[in-house]
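Enquirer: fold the following for me, if possible:
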Amino acid sequence: MLTFLQELLDKGRTPSMLKVYVAAIAANHALVAGQSVGKNDLVVKFLRGAQRLNLPRPHSVPTWDESLEPYEALPLSRSSRPICGTYRSRLPSRIGIDVWLLNSHFSQQVFKIHRSKVDDEKCCLLVSHLLDHPSLQELDFSHNHISDRGARAIGKLLNRSQLKRLVICNNQIRGLGAQALAHALSKNTTLMSLNLRLNHIGDEGGQALAQALVKNKTLVNLHLGENNMTEPTAVALSQALVENRTLKNLNLSNNRLGVDGSKVLEEGMSHNSSLVECDIRLTDVAQDSEYCTNQIQAARKNQTQL
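Expert: Residues are numbered from 1 along each chain as shown. Okay, the predicted model is just below:
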């Protein structure tokens, strides 16, 4: 482990990037002496020493090619890997994540790296290699610093994998990032659970996701809690619920849906036969609307138990 980290340091990796490597390995590596490898004394001391060296930051990863259409589907071949919207025959060593890391240190079905300060640059790097793992079923990037550019990269991965569960809660994703995810979701045929709580997608992103639900036929759980969404999103979701027949759990808590928004949402639920649970706590809804919503949910749960 220390030899590997030293090699990365010699190649010019920053201390923060070393921490990403350690977090990725620790999340999927067996415990050593009863503790995570990330908490091993020697590893901790090595990271502190690397931090004290204050190495210069390598050149940042190229930004998305703005000449491309916002959600253009790019063809993918085994000989080329997309990095943030541009093509490269191979990853330059100064920005590439070693294939050894992803091939040897994470489950073929689950990849989790949370609370690791992963930003858009690191997210794009990780996603570019995850494209080589079609068996990946669960991806967890929660509690990081991912914004719209990283969300777009994840959207591209969404339709080039067999993901069933995606968790990107508590990041910095806004409307444009949510639109990219919605575009991917409208074409996706495998994802069953999407957790976007504690972001900033607003009505721009909320309405886009609602429109995606009209076309999507696989999503069962959707968490959009605390995302600065208001009445327009409630209206869009109400219209989507009339068409959608697969969504069972919808969490809208801690948004400002308002009295009118809750009434429209209630109307949509009355025409939907699949939704079992809709969390509208702390959404400024009228008491009678919350009561009616609870009654509809109770009736659905009773039907599913019969």
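
Enquirer: Ser16: which element?
Expert: helix 15-28 (DSSP states H and E).

Enquirer: after that helix, next one along is what?
Expert: Scanning onward from helix 15-28 (DSSP H and E), the first element met is helix 41-53.

Enquirer: ok so, going back, what angle do the helix holding Ser16 and helix 41-53 make?
Expert: 160 degrees (axes from the mean of the first three to the mean of the last three Cα atoms, to 10 degrees).

Enquirer: gap between helix 15-28 and the chain center?
Expert: On the basis of Cα atoms, centre = their mean, to the nearest Å, helix 15-28 sits 19 Å off its chain's mean C-alpha point.

Enquirer: and that helix, C-alpha only, in PDB?
Expert: Below are the C-alpha coordinates for helix 15-28, written out as PDB (Å, rounded to 0.1, in the frame of the first residue of the first chain):
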ATOM      1  CA  PRO A  15      -2.100  14.900  -1.400                       C
ATOM      2  CA  SER A  16      -5.900  15.300  -1.900                       C
ATOM      3  CA  MET A  17      -5.800  12.900  -4.800                       C
ATOM      4  CA  LEU A  18      -3.800  10.400  -2.700                       C
ATOM      5  CA  LYS A  19      -6.700  10.600  -0.200                       C
ATOM      6  CA  VAL A  20      -9.100   9.700  -2.900                       C
ATOM      7  CA  TYR A  21      -7.100   6.600  -3.800                       C
ATOM      8  CA  VAL A  22      -6.900   5.600  -0.100                       C
ATOM      9  CA  ALA A  23     -10.700   6.100   0.400                       C
ATOM     10  CA  ALA A  24     -11.500   4.000  -2.700                       C
ATOM     11  CA  ILE A  25      -9.300   1.200  -1.500                       C
ATOM     12  CA  ALA A  26     -10.400   1.400   2.100                       C
ATOM     13  CA  ALA A  27     -14.100   1.300   1.100                       C
ATOM     14  CA  ASN A  28     -13.700  -2.100  -0.600                       C
END
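
Enquirer: which strands and helices sit next to it?
Expert: The contact analysis (3 or more Cβ pairs under 8 Å, 6 or more residues apart in numbering; DSSP states H and E) places helix 15-28 against helix 2-10, helix 41-53, helix 99-104, strand 110-112, helix 120-130. (Glycine included, C-beta is placed from N, CA and C.)

Enquirer: any chance of a markdown table for these, columns distance to Glu138 and mean neighbour count?
Expert: Formatted as a markdown table, these follow (distance: least, Cβ to Cβ, whole Å; neighbours: other Cβ atoms under 10 Å):
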| stretch | distance to Glu138 | mean neighbour count |
| --- | --- | --- |
| helix 2-10 | 25 | 14 |
| helix 41-53 | 26 | 13 |
| helix 99-104 | 15 | 13 |
| strand 110-112 | 4 | 18 |
| helix 120-130 | 11 | 23 |
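
Enquirer: redo these as TSV? Include distance to Glu266 and mean pLDDT.
Expert: Supplementary listing: the helices and strands packed on helix 15-28 in TSV, determined by distance: least, Cβ to Cβ, whole Å; pLDDT from 0 to 100:
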stretch	distance to Glu266	mean pLDDT
helix 2-10	54	83
helix 41-53	52	82
helix 99-104	46	48
strand 110-112	37	89
helix 120-130	37	91
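
Enquirer: can you pull out the strands in the stretch 151-300 of the chain?
Expert: Applying DSSP state E, counting those that start in this stretch to the stretch 151-300 of the chain gives strands spanning 165-167, 193-195, 221-223, 249-251, 277-279.

Enquirer: contacts for the first one?
Expert: In this structure, residues lying in contact with strand 165-167 by Cβ atoms under 8 Å, 6 or more residues apart in numbering are 114, 137-142, 154, 158, 191-195.

Enquirer: please, a PyMOL command that selects the buried ones among those residues?
Expert: To isolate the buried ones among those in PyMOL, judged by 16 or more other Cβ atoms under 10 Å, type:
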select buried, resi 114+137+139+140+141+142+154+158+191+192+193+194+195
